[in-house]
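Enquirer: got a structure for you, letters missing:
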Ligand SMILES: Cc1ncc(COP(=O)(O)O)c(C=O)c1O
Ligand SMILES: N[C@@H](CCOP(=O)(O)O)C(=O)O
């Protein structure tokens, strides 16, 4: 498989999976996507039934890595990735809530959020590719809380990897912050930025677009701008749909959404042949995506702090990958719209693009008040203690899919204990952290606080690199 940029202007285009995994962001500022979408026929999908999670990962992911990993190398990676560090034997268990409503529990990994599914794999891929190329890499990541801890957990203590992780100061939960800042390792640098997640993400993109800097330090990405992140998340759409009757029955997924990475993975599953009825974008009041679906205008708003802080995002970076598809894969059109977005703060979808967007997707914004009510209702009605992001999914599901005949799967993206205050305030129940993290609040923390200043950040990273 070869990869191309969504902006279509990459000079050394058609890179391998290994190249794009190490590169992160395309050099023209775009995001990497596969040259074509591999298809799994109905029989191939039916044959996934009864396989282990790791084996489904091999079947679904091999077409994307072919040429960079052999099938047996991928199998080793998948078996190691989805091993005992996932605390549930099914890895991604599906729990029935009512006759056609299900929760897909994606929080049994080491850092208690869905990010572990991809980052546990990405850490292993970095090990293989850096060893093969005898190369050291420097990661720069932005997090609204969950990517950071999952990426740090996957790369801590490595000699060939340094990781700089930016989080918005005071805008992640205490558990999320501590999961990152209590990892005291020479290769891990946590930085709290005076700003929002969007500011952190802009610092990352700006650093990638400084090509000299990027080449000097072998910069790479752990955010979902890195194709490998999105790719790994495709697998659980297959395991879940097959367990509910695919390919003979369509399934709808409701995805709590911020950067549009997780739901784009659902779109990829659909492109690969998985029969999906609807993909529902569930957002908090940072609702750029719900508004785009409603009006056709993708327009930047102010980031508002909410009870679901990991989705406090107004520039949804993977929407660029969908835009590429909606334009009929016209990189020049994508580049023009993204340039307009950075100049004017908005771009418009054409009527035919909006129609295509609405065909598979629907969207709903859920307020904080509704989020709290839903956490309480879910506990009373089903006995499930859910986190605020999952509650946003439940809310969107109830509005968008009221009359659905297809099974509805809500992605439970994080463990409630990551957002203990919000959950306790809503339900009166304080969710417990798993035993391995019981002392998290007593561990020593280490992190710096920095201004939202790209050149200063790059200078700091460069100095760190030279001091190694
Ligand atoms: C708990 C949680 N739910 C949902 C999301 C949204 O996922 P995405 O950014 O892939 O849309 C995130 C972070 O992005 C998250 O951490
Ligand atoms: N919600 C994310 C934000 C970063 O998203 P990513 O999927 O692009 O890494 C987080 O928790 O950090």
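Expert: Arrived safely, thanks for sending. Predicted, not measured: the structure shown is a model, and the values here were computed from it. Residues are numbered from 1 along each chain as shown. Ligands and ions are numbered 1, 2, ... in the order given.

Enquirer: counting contacts, what elements does the lengthiest helix in the chain pack onto?
Expert: Counting by DSSP state H, the longest helix found in the chain is helix 115-133. Other elements packing on helix 115-133 under the criterion 3 or more C-beta pairs under 8 Å, 6 or more residues apart in numbering; DSSP states H and E are helix 17-23, helix 71-81, helix 146-155, helix 227-243. Quick note: C-beta positions are derived from backbone N, CA and C, even for glycine.

Enquirer: How far off centre is the helix or strand following it?
Expert: Once the chain leaves helix 115-133, the next helix or strand it forms, by DSSP states H and E, is strand 137-142. Relative to its parent chain, strand 137-142 has a centroid offset of 15 Å by C-alpha atoms, centre = their mean, to the nearest Å.

Enquirer: Tell me what angle strand 137-142 forms with helix 115-133.
Expert: Calculated by axes from the mean of the first three to the mean of the last three C-alpha atoms, to 10 degrees, strand 137-142 forms an angle of 160 degrees with helix 115-133.

Enquirer: Which neighbours in the sheet does strand 137-142 have, and how are they oriented?
Expert: Here strand 137-142 has these sheet partners by DSSP bridges: strand 161-168 (parallel), strand 219-220 (parallel).

Enquirer: Strands along the stretch 201-350 of the chain, start to end?
Expert: 219-220, 251-256, 276-283, 297-299, 346-348 (DSSP state E, counting those that start in this stretch).

Enquirer: For the fourth one, buried residues please.
Expert: Counting neighbours by 16 or more other C-beta atoms under 10 Å, one finds that the buried residues in strand 297-299 are residue 298.

Enquirer: related to what we said a few turns ago, deepest-packed of the helices and strands packed on helix 115-133, please.
Expert: helix 146-155 (a mean of 28; mean count of other C-beta atoms under 10 Å).

Enquirer: Could you list every helix and strand in contact with that helix?
Expert: Short answer (3+ C-beta pairs under 8 Å, 6+ apart): helix 146-155 packs on helix 115-133, strand 137-142, strand 161-168, helix 174-181, strand 188-193.

Enquirer: possible to save those as JSON lines with distance to residue 393, mean pLDDT and mean neighbour count?
Expert: Below are these laid out as JSON lines (distance: least, C-beta to C-beta, whole Å; pLDDT from 0 to 100; neighbours: other C-beta atoms under 10 Å):
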{"stretch": "helix 115-133", "distance to residue 393": "16", "mean pLDDT": "97", "mean neighbour count": "22"}
{"stretch": "strand 137-142", "distance to residue 393": "23", "mean pLDDT": "98", "mean neighbour count": "26"}
{"stretch": "strand 161-168", "distance to residue 393": "23", "mean pLDDT": "98", "mean neighbour count": "25"}
{"stretch": "helix 174-181", "distance to residue 393": "19", "mean pLDDT": "97", "mean neighbour count": "22"}
{"stretch": "strand 188-193", "distance to residue 393": "28", "mean pLDDT": "98", "mean neighbour count": "22"}
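
Enquirer: and residue 429, what does it touch?
Expert: By C-beta atoms under 8 Å, 6 or more residues apart in numbering, the contact set of residue 429 is 379, 385, 423.

Enquirer: show me where pLDDT drops low in the stretch 351-468 of the chain?
Expert: For the stretch 351-468 of the chain, no stretch has pLDDT under 70.

Enquirer: can you list the residues of it near ligand 1?
Expert: 389, 413-414 (C-beta under 6 Å from any ligand atom).

Enquirer: looking at those residues, which has the most residues close by?
Expert: Taking other C-beta atoms under 10 Å to define a neighbour, the member of these with the most is residue 389, carrying 33 neighbours.

Enquirer: Tell me which other helices or strands the helix or strand hosting it touches.
Expert: If you go by DSSP H and E, residue 389 is part of helix 388-400. If you count contacts as 3+ C-beta pairs under 8 Å, 6+ apart, helix 388-400 packs onto strand 251-256, strand 276-283, strand 361-365, helix 368-382, strand 408-412, helix 420-427.

Enquirer: near ligand 1, which residues of the stretch 151-300 of the chain?
Expert: 224, 256-263.

Enquirer: Where helices are concerned, which of those residues count?
Expert: Going by DSSP H, the helices hold 261-263 from these.

Enquirer: Buried only: go through those residues for me.
Expert: Here, 16+ other C-beta under 10 Å leaves 261-263 buried among these.

Enquirer: which parts of stretch 445-460 are buried?
Expert: Applying 16+ other C-beta under 10 Å to stretch 445-460 flags 447, 450, 452, 454, 457-458, 460 as buried.

Enquirer: returning to that earlier point: out of the helices and strands packed on helix 388-400, nearest to ligand 2?
Expert: Evaluated with C-beta to the nearest ligand atom, the helices and strands packed on helix 388-400 place strand 251-256 nearest to ligand 2, the distance being 9.4 Å.

Enquirer: Contacts for the closest one, please.
Expert: Counting by C-beta under 8 Å, 6+ apart, 104, 237, 240-241, 244-245, 262-263, 266, 275-283, 308, 311, 389-390, 392-394, 396-397, 400-401, 404, 406-411, 413 sit against strand 251-256.

Enquirer: what's the answer for stretch 58-78, then?
Expert: Under the criterion C-beta under 8 Å, 6+ apart, residues 1-2, 16-18, 21, 34, 38, 40, 44, 48, 51, 54-55, 57, 121, 124-125, 128-129, 231-232, 234-235, 238, 272 lie in contact with stretch 58-78.

Enquirer: what's the model's confidence in that stretch, averaged?
Expert: Stretch 58-78 shows a mean pLDDT of 98.

Enquirer: Same check on stretch 199-216?
Expert: 96.

Enquirer: Just checking it against ligand 2, any contact.
Expert: No - using C-beta under 6 Å from any ligand atom, stretch 199-216 never reaches ligand 2; the gap is at least 7.2 Å.
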